[in-house]
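A.B. asks: starting from these lines, generate the structure:
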Amino acid sequence: MNFSKKLPIKKIITVVIIAVVLAVFIVGDVLCSKYEYVITKLLCNTGIDFSDGATQETLKNNDKVVERLSEEGIVMLKNDNGTLPLAEKENKINLFGWSAHDGAFLLTGGGSAVATINADKKVMLTAGLKSEGFEVNETLLADYAAYCGSRNKGNLGLYEPDVSFYQKKGSDGKTRLEYAKEFSSVALVVFSRYGSEGLDLPFTQTKYIDGNKTEDKDRTYLDLSKEEEDMLNMVADNFTKVIVIVNSGNTMNLGFLKNEKIGAAFNISYPGQSGTKALARILKGSVNPSGRTSDTYVTDLKKDPSYVNAIMTQTSSGKNIHYTENIYIGYKWYETADKEGYFEASGTSYDNFVVYPFGHGLSYTTFEKEILSYTLSTDGSGLQRATTVEVAVAVTNTGSVKGKDVIELYYTPPYTSGGIEKAHVNLLAFEKTGEIEPGKTENYKLTFTSYDMASYDCYDRNKNGRTGWELESGLYKVQLLENAHGWKNLTESNENTIEFNVENTIAYKRDPKTGGMVKNRYGTFDEAGNYIKGSAYGNVPIDGSTAGEEIKWLSRSNFKDTFPATVTPIRDISSEVSKANSYVHNAPYENITEEPTQGVAGELTITLTEDGKKPGKDALKSGSGLKFNDELVMKLGANYNDETWELLLNQLTKDELLYFVESSGYATDEAASIGKPFMNELDGGSGFNVAVNNPISNNANKWTGFSNATLWAQTWNKNIAFILGEAIGQEGQATGVSAIYAPTVNLHRSAFNGRNFEAFSEDAVLSGTLAANVIKGAKSKGVRMYLKHLVLSEEGPNPSQLNVWLTEQNLRENYLKSFEIAVKEGGANSVMSSFNRLGGTWTGGNYALLTNILRNEWGFKGTVISDFNLSVYMNAAQMHYAGGDLNLTTMPDNRWTADPTSAADSFVLRRSVKNVLYTVANSCAMNGEVKGYRLPLWTELLIIADCVILLGIIVWGFLVIRKAIKT
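C.D. replies: Below is the predicted model of the structure:
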């Protein structure tokens, strides 16, 4: 045979075409692999089968959990003159307010943390009322829908028609108002406000009246519009029973509820897919309301100390926000200001400011509560460093119907003017009762520790030569109150009060639970108050004292002159802050020069096939037919330092180490060398969400749409929080989801944060305690919850590159406290960091936060993931060196390319993988079963196409060679 002969033109063209096709498929495969997640989001559903009986049963049960959350979390704010419950004959209801009709009423907020609710699961307000036998004025609702069918959620506009709308006559010659009065004497007036990720709520009102856009600069989005106000007054003047429904995830200005013609009012927040049924039951009295406010409701949000600095300032030198209100957030401001006489000195009163205090809520029955006794875990009658106090409380139902009550314990610490900043009242512990029959008494126990009443002295204000947590000497009062303002209503100073006199200040150099060293992480100051250079992480104190003009913090010693009345001056970003932006804390790793052992052949495997063998990569990808290796997993999960860990980690290749932690967008990938399966993780908050702002895949969402976290907080119920966690865990277990990015325990610092509905409360104790129970519930079903966003993510727009300035006392006592409680009490083993910077350094790359505080002080063992990485400032290398583990991104350009010759890089990667695997061993692996997860259809088709092309090339090559041999 002679291969030197020239090939015919046709064969040359054929070869070229096949080569091009092969090249296209190779490049295509590479790109498909690179952008697998994005393509899947655009083309396919989740690949999860919801049709099996067990999954359907789980979804059905969880719908009942949604209803129960509203039964326990809806707050009856007002009920005058026996307005409620409605009598059996009062079964006809007029729904007033444009937001009452189906196209405008809100079941959820917006953003990636919200489960999309399919139409067949949505129970709007009208359907919820009808489910309990109420009739509604359909004509009025149809007129609202014809006026404006749905809200444009992106523009945060208000659509209420003016009162002339109600004077228009129908074909029968009656006005809409006249027809409504004939239909029923009962009117429900609905006011809704939308909140979402990506939004700060506006300080002005944009309105669309009869299609015409107008702006009211004197009212905020959270005030009633003039049209809403006029409509409410019209209704109040024309109907016997007027009931207001507040359908908002943010605290509205509720001063209008002081109108005596308004008989009753409810805050229902966002009730989720079926919570409106609970509202109907409460209206008719088959369910007794027991919710309590998780925030303070005021008459003028513009006069809150957070208002002027609620939104970031931005210049060419950077973004900044200043928490100038210091520790005085929410009720801690209003109650302390009242104690200090601030309102009276300003010519007004507390009652003119506060409509409903934190912890307020009414019932159809009445209760009496009494402290019976208390016991200490330590010897003697006084508090010691590690004392646990148990308080016995009796609750008696003194009314005529059964109901639940909330027991609220607050403490008042000793305060010295000019000393450590302290709020007058602080939530200490709480419990919700079971259903108590009329005339019956039930006893409950509440516990707290001496550490729970400590203050964080970051400036050594008491001049004792110490900084950190201190239980300062003096008199501590623990009081049983109806709400945060209850202290003002006590008839005797010792009524339902326990007093502790601490003779000598107790300083907590180490955490009393974990033993971790506690100290200022973000700046130490000399006796004159000057920053000691080098004492802050990244050399930038978080109070901004070295970054531009000095910040004036609100201080109890002089509320009048320190109240934030104007926006804090814009600060130029100093060279030290710029350095801190990219600061990588590599000091702990400088002496690591020996490469860890990787790629060792071994038989240790996290999962097994049904016949007990180590699974292959394809099986690990799908999870089909696998089970966890219980013996190994239990051993690994029981001891973070077990020697078996080293043997397991040695089996991983270097490529697997990097790929494992850098390909972690909404999943943790498989690792064939150790038998670790692919594990699906989803965004969430009010339920699983696969859409991630992609409307194309909305119809794929079959998960439960729970109510929002603010409504969870309004239950004040640890047990229902645990049940909620169980429900989320059971749903994840049934549908192959191993983790959810929730719950959110950032605080409601300002009412204008568009994401407030995702978070629990303005209070860290309420937030952290309930989150701890949600997490425990989910863990009991083997599903991990990523506690988020650590820390200071109190803005609606994702705070990318935002510098947050505050005192370390405020950071510790408020914004870190909710995380601390969830970690220590809830056993949280997964945490998500935030977008913003702390002391000039991104929180996700902040060693002082992720390692010194989270891991060392609080004893956290588990996984830390970044928030969604869309920018180069979220440096993945900085993250790993700081103590972060997973880089949440689906964009390859934002991943880290570790130095293969760097022993330190290999060490931190290895540690990150260990943290993730330890978390797995203590959560989803506990179920024993690996839930299958079907490959997306496009992936299966691509594999088939690749096989066909490859087979075609082989056949063609064979034919060409055979023909050449013959010739």
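A.B. asks: the residue minimising distance to the centre of the chain and Glu197: what is the separation?
C.D. replies: Centre of the chain computed as the mean C-alpha position; nearest residue by CA atoms, centre = their mean is Thr744, 1.5 Å away. Distance check for Thr744 against Glu197: by CB to CB, to the nearest Å, it reads 10 Å. Every residue, glycine included, has its C-beta placed from N, CA and C.
A.B. asks: got any residues that touch both of the two?
C.D. replies: Common neighbours of Thr744 and Glu197 are listed as Ala113, Arg755, Glu758 (criterion: CB atoms under 8 Å, 6 or more residues apart in numbering).
A.B. asks: count the neighbours of the first one for me.
C.D. replies: Okay, so that is Ala113. 28 (other CB atoms under 10 Å).
A.B. asks: got the contact list for the closest residue to it other than its chain neighbours?
C.D. replies: Distances taken as CB to CB, 6 or more residues apart in numbering place Gly685 nearest to Ala113, at 3.2 Å, with adjacent residues excluded. Counting by CB under 8 Å, 6+ apart, Gly685 touches Ala113, Val114, Asn708, Ala709, Tyr741, Ala742, Pro743, Thr744, Glu758.
A.B. asks: so what's Phe366 up against?
C.D. replies: Not Phe; residue 366 is Thr. Per CB under 8 Å, 6+ apart, neighbours of Thr366: Asn397, Thr398, Gly399.
A.B. asks: per-residue confidence at it?
C.D. replies: On pLDDT, Thr366 comes in at 99.
A.B. asks: tell me how far it lies from Ile74.
C.D. replies: From Thr366 to Ile74 the distance is 19 Å (CB to CB).
A.B. asks: which residue ranges of the stretch 301-450 of the chain form helices?
C.D. replies: 331-339, 342-345, 350-353 (DSSP state H, counting those that start in this stretch).
A.B. asks: which helices and strands sit right next to the second one?
C.D. replies: Right, helix 342-345. Counting contacts by 3 or more CB pairs under 8 Å, 6 or more residues apart in numbering; DSSP states H and E, helix 342-345 packs against helix 350-353, helix 559-562.
A.B. asks: any chance of TSV for these, columns mean neighbour count?
C.D. replies: Compiled in TSV, the helices and strands packed on helix 342-345 are given as follows (neighbours: other CB atoms under 10 Å):
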stretch	mean neighbour count
helix 350-353	16
helix 559-562	14
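A.B. asks: tell me where the stretch 551-700 of the chain has helices.
C.D. replies: Under the criterion DSSP H, counting those that start in this stretch, the stretch 551-700 of the chain contains helices at 559-562, 575-581, 617-622, 630-638, 644-650, 654-662.
A.B. asks: pipe those helices into TSV and attach mean pLDDT per row.
C.D. replies: Below are those laid out as TSV (pLDDT from 0 to 100):
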stretch	mean pLDDT
helix 559-562	98
helix 575-581	82
helix 617-622	89
helix 630-638	95
helix 644-650	98
helix 654-662	89
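A.B. asks: pick the most deeply packed of the ones you listed.
C.D. replies: helix 654-662 (a mean of 21; mean count of other CB atoms under 10 Å).
A.B. asks: which strands or helices does it pack on?
C.D. replies: helix 903-921.
A.B. asks: and the closest residue to Ala904 other than its chain neighbours, how far is that from Leu854?
C.D. replies: Spatial nearest neighbour of Ala904, chain neighbours left out: Tyr589 (4.1 Å); criterion: CB to CB, 6+ apart. Look at Tyr589 and Leu854: by CB to CB, they are 18 Å apart.
A.B. asks: more neighbours: which of the two?
C.D. replies: A count of neighbours by other CB under 10 Å puts Leu854 above the other of Tyr589 and Leu854, at 24 against 17.
A.B. asks: contact partners for the more buried one?
C.D. replies: Leu790, Phe819, Val823, Val831, Phe860, Val864, Gly883.
A.B. asks: the residues you listed in strands, which ones?
C.D. replies: If you go by DSSP state E, the contacts of Leu854 have Leu790, Val831, Val864 in strands.
A.B. asks: could you verify my assumption that Leu647 touches Leu604?
C.D. replies: Yes: with contact defined as CB atoms under 8 Å, Leu647 counts as touching Leu604 (6.0 Å).
A.B. asks: need the pLDDT of Asn699.
C.D. replies: Value for Asn699, per-residue pLDDT: 40.
A.B. asks: of the shared contacts of Thr744 and Glu197, closest to Val136?
C.D. replies: Glu758 (30.6 Å; CB to CB).
A.B. asks: could you pull up phi and psi at the closest one?
C.D. replies: Dihedral pair for Glu758: phi -70, psi -20, per degrees, to the nearest 10.
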